[in-house]
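Peer 1: Predicted model and sequence follow; I will ask about them next.
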Amino acid sequence: MCAQTEFWDNAKGLLEEWYVACTSKELKKDQPFAATLYGKKIVLFRKKDGRAAALLDQCVHRGVPLSDGKVKNGCVSCPYHGWSYQADGHVAYIPSVNGKFFPEKPHPFKQRSFDVCEQDGVVWIYLGEKPENQRPAVFKLPFYDQPGWLSYYMVGKYDGEMGAVAQNIMDVTHTIFVHEGWFRSESGKAVDATIEVEPRKVVVEYHDHDADVGMMPWLTNPHGAEQVHRDSFIAPNITLVEYHWGEPSGMVFNSLISPVGPYESRVYTCVSYKFPIPKLIAKALMPAVNAYTWVVNNQDIKILSARRKGLENMPMTHSHSVRGDMAHIALEKILDALRHDQQLAPSFIGKRPMQFQI
């Protein structure tokens, strides 16, 4: 069994979920887009009406990737013999048979299609086979189109599996080392927090209200408002990191994690911000905000690459955790329950205090 097929099969219940395949901007009108989810190659293209479609990225004729072909008449065509596929996977055109698109007698050949939902600037794909009334809803980004907020996407390749990437994003204690001077610095003080675990969700509320995260408190919090910091994990592939300084100011990092391979994920991070300044000025600052967030983002990419190298050099027999890792443990338990189509053990559900030092 090839590694890609094994990775897909081992996902089990995690396939019955929605994952981002690309941003709306990446999916051009007349050009197919190649994506990989759980090692499976998928081709996306736009139909005549502009709506997105997704198929397995392989021609059923001789196996050539459809993403190497073209989009014509709202179909994706194979570059080898020109076989063309419509959104539901049916072959709509075989040049060597009759040279007609959508013949009166349909061709009997079909490739697997996937349901697609495009919203909030990204294209989601449902990988499973459950009927619509049994599927989870597509996640709605809470700040993407809210009045007064500005948003943009950062798309990055991470050398980490979906759970490891989510843990890194939810982890405060690494920030004083990986992001020292850019995001946080070691202070030696204790941080009190509250963690609440639900069957598909982990929320950590931090009580360090007098903190100012980042290098720009003069911009984000000029009035010295209390900081509200909340980290959320929405299973199986979404994290939401929120910083709010009163009603008029906030920065939110909403990451949508797409598993590519056993140690590889593609992460779509929607950065949304609202500052207590005129919106035109806030918009003019977007290149600077983008540059700052990319520096921090690349620091996470680099440390996860180092983690992958360490695990490939010598696999860990057991990983140890401390009280500050409570969110990590809960996250792993939720993913494991979903993978095996089980309920999260009741002992993990509930609200608990959490304290650690930074």
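Peer 2: That came through fine. Nothing here was measured: the structure is a model prediction, and the numbers come from that model.

Peer 1: residue ranges with poor pLDDT in the stretch 1-150 of the chain?
Peer 2: 1-3 (pLDDT under 70).

Peer 1: Do a quick rundown of the strands in it.
Peer 2: 18-23, 33-37, 40-46, 52-56, 70-72, 75-77, 84-85, 91-93, 113-119, 122-126, 150-158 (DSSP state E, counting those that start in this stretch).

Peer 1: what sits against residue 82?
Peer 2: Counting by C-beta atoms under 8 Å, 6 or more residues apart in numbering, residue 82 touches 93, 94, 95, 96. Backbone N, C-alpha and C define where each C-beta goes, glycine included.

Peer 1: who's in contact with the second one?
Peer 2: Put plainly, it is residue 94. Applying C-beta under 8 Å, 6+ apart to residue 94 gives the contacts 81, 82, 83, 84, 107.

Peer 1: Make a markdown table out of those residues and add distance to residue 271.
Peer 2: Output for the contacts of residue 94, formatted as a markdown table (distance: C-beta to C-beta, whole Å):
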| residue | distance to residue 271 |
| --- | --- |
| 81 | 44 |
| 82 | 42 |
| 83 | 41 |
| 84 | 38 |
| 107 | 45 |
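
Peer 1: Top of those residues by number of neighbours, please.
Peer 2: residue 83 (27 neighbours; other C-beta atoms under 10 Å).

Peer 1: so what secondary structure elements neighbour the longest helix seen in the chain?
Peer 2: Ranked by residue count under DSSP state H, the longest helix found in the chain is helix 286-313. Here helix 286-313 touches strand 150-158, helix 162-170, helix 175-178, strand 264-274, going by 3 or more C-beta pairs under 8 Å, 6 or more residues apart in numbering; DSSP states H and E.

Peer 1: For the stretch 251-358 of the chain, which residues score under the pLDDT cut-off?
Peer 2: For the stretch 251-358 of the chain (pLDDT under 70), the answer is none.

Peer 1: Any buried residues in the helix or strand harbouring residue 193, and which?
Peer 2: Assigned by DSSP states H and E, residue 193 belongs to strand 190-198. By 16 or more other C-beta atoms under 10 Å, the buried positions in strand 190-198 come out as 191, 193, 195, 197, 198.

Peer 1: repeat for stretch 83-90
Peer 2: 83, 84, 85, 86, 87, 89, 90.

Peer 1: swap in stretch 44-56?
Peer 2: Counting neighbours by 16+ other C-beta under 10 Å, one finds that the buried residues in stretch 44-56 are 44, 45, 46, 52, 53, 54, 55, 56.
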